[in-house]
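Student: can't give you the sequence, but here's the structure:
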């Protein structure tokens with residue numbers, strides 16, 4: 001049988017080349033180091049804080065804490081997905097009309113890799129750790145130190161996993177179909193926080209952009 005997929009003898013084999021800026025530059029290395037260190041300390045602080053809160057909480061409170069953590073995880077995962085799918089061009093037209101939050105949305109899209117890393121990885125992993133600790137506490141309050149695997153432990157663990165995975169799957173579908181709308185809403189929220197919090201503003205923008213003499 002003749003092989004029709006064989007490359008002709010006179011044709012040169014094409015070798016894909018990686019772009020010159022594909023390697024890690026200085027700013028990327030600093031970002032990776034920063035987000036790694038911050039994740040370490042944030043995870044320790046939040047895990048310790050949640051453990052102290054759960055010690056004084058009842059079963060219903062612990063269950064509500066788990067639901068809140070899962071919801072926060074889903075929300076930030078949706079934002080992280082939306083920022084990678086959003087288009088920058090429509091926001092330039094909105095920024096030219098000075099619409100509220102358009103400039104912040106442009107900054108989010110231009111830093112989509114960092115935003116998605118924080119939302120999907122940093123916050124997602126930290127929420128996963130805390131929800132796991134809260135689930136273990138809830139199991140302990142329900143069955144005590146049984147020393148063996150029980151149906152309650154299986155149900156609680158399965159519930160946390162199912163709600164997290166299913167919620168993220170639903171959030172990704174919403175994010176892909178409404179990416180620009182989601183990022184615009186996040187941009188308006190950032191603009192609101194910046195306008196109400198003075199230390200987030202740049203000194204050059206104080207006083208309607210006029211510098212004090």
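Tutor: That came through, no problem. Because the structure is predicted, anything quoted here is derived from the model rather than measured. Residues are numbered from 1 along each chain as shown.
Student: can you list contacts of stretch 75-84?
Tutor: Identification of contacts with stretch 75-84 by CB atoms under 8 Å, 6 or more residues apart in numbering yields 108-109, 112, 115-120, 123-124, 127, 168, 171-172, 174-176, 178-179, 182-183, 186. From N, CA and C alone the C-beta is placed, and that goes for glycine too.
Student: and the residues you listed, which are buried?
Tutor: Using 16 or more other CB atoms under 10 Å as the burial test, the contacts of stretch 75-84 include 108-109, 112, 115-120, 123-124, 127, 168, 171-172, 175, 178-179, 182-183, 186 as buried.
Student: in helices, which of the residues you listed appear?
Tutor: The helices, defined by DSSP state H, take in 108-109, 112, 115-116, 123-124, 127, 168, 171-172, 175, 179, 182-183, 186 from the buried ones among the contacts of stretch 75-84.
Student: out of these, flag the one nearest to residue 55.
Tutor: Of all those, residue 55 sits closest to residue 127, with 19.8 Å by CB to CB.
Student: what's the average pLDDT for stretch 184-194?
Tutor: Throughout stretch 184-194, pLDDT has a mean value of 91.
Student: report the buried residues of it.
Tutor: For stretch 184-194, the neighbour count (16+ other CB under 10 Å) marks 184, 186-188, 190-191, 194 as buried.
Student: and stretch 84-92, by the same measure?
Tutor: Neighbour count says stretch 84-92 has 84-86, 91 buried, by 16+ other CB under 10 Å.
Student: also stretch 40-57?
Tutor: Buried residues in stretch 40-57 (16+ other CB under 10 Å): 43, 46-47, 50, 54, 57.
Student: just the closest of those to residue 68, please.
Tutor: residue 50 (10.7 Å).
Student: the closest one touches residue 131, doesn't it?
Tutor: No - in this structure residue 50 lies outside contact range of residue 131 using CB atoms under 8 Å: 9.2 Å.
Student: so what sits against both of those two?
Tutor: Counting by CB under 8 Å, 6+ apart, no residue touches both residue 50 and residue 131.
Student: residue closest to the middle of this structure?
Tutor: For the chain, residue 119 is the residue whose C-alpha lies nearest the centre (CA atoms, centre = their mean; 1.1 Å).
Student: setting aside sequence neighbours, what's the nearest residue to it?
Tutor: Nearest non-adjacent residue to residue 119, counting by CB to CB, 6 or more residues apart in numbering: residue 80, 3.2 Å away.
Student: in the helix or strand where that neighbour lies, what counts as buried?
Tutor: Residue 80 belongs to helix 59-85 when assigned by DSSP states H and E. Within helix 59-85, the residues scored as buried using 16+ other CB under 10 Å are 62-63, 65-66, 69-70, 72-85.
Student: any idea how far that helix is from the chain center?
Tutor: 10 Å (CA atoms, centre = their mean, to the nearest Å).
Student: neighbouring contacts of the helix or strand just after it?
Tutor: Once helix 59-85 ends, the next helix or strand along the chain (criterion: DSSP H and E) is helix 89-96. Here helix 89-96 makes contact (CB under 8 Å, 6+ apart) with 102-103, 105-106, 109, 180, 183-184, 187.
Student: thanks again, I'm all set now.
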